[in-house]
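**Q** This is the structure alone, sequence omitted:
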């Protein structure tokens, strides 16, 4: 069920499938996300504008600590510049990216998560928001397998 939900979120967020007219629609969508799926919404300049409670539980950061900041603050150091360049190339070329990524909590702990990022465009096709939905990997086997594949 969780995996199909992530696929549905990714499908809904693809630029050809959804446009968002403003923060009220985003807030409603954010409130409707399931309890186990973390969500981070950034503006077109990659500044965090919204997070949900799963994000807070997973990272240890409160919304006040991250709103207005770049998600780069969560980088673990596990991925090189090329990894992030490929991620951004996919976002810019295809409107979405997905994969396993290692992030850092407020307390310094590093954790793996399955992450899907999609670009939400306005009515004329310009980027308006980036929506990232994620699930923290709970099983050690997933940690090792995912880390070897990144």
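**A** On my side now, so go ahead. Bear in mind that the values here come from a model prediction, so they are computed numbers and not experimental data. Numbering: from 1, shown residues only.

**Q** Going by C-alpha atoms from here, please, whenever you check contacts or count neighbours.
**A** Noted.

**Q** max-length strand in the chain?
**A** Secondary structure of the chain read by DSSP state E shows that its longest strand is strand 110-121.

**Q** That one - contacts with which helices or strands?
**A** helix 2-13, helix 81-94, strand 96-104, strand 127-136 (3 or more CA pairs under 8 Å, 6 or more residues apart in numbering; DSSP states H and E).

**Q** what is the orientation angle of that strand with strand 96-104?
**A** Strand 110-121 runs at 150 degrees relative to strand 96-104, counting by axes from the mean of the first three to the mean of the last three CA atoms, to 10 degrees.

**Q** Next, the angle helix 81-94 makes with strand 110-121.
**A** Counting by the same axes, to 10 degrees, strand 110-121 points 30 degrees away from the direction of helix 81-94.

**Q** okay, the angle between strand 110-121 and strand 127-136?
**A** Using the same axes, to 10 degrees, strand 110-121 lies at 150 degrees relative to strand 127-136.

**Q** Quick one: mean pLDDT over strand 110-121.
**A** Average pLDDT, strand 110-121: 90.
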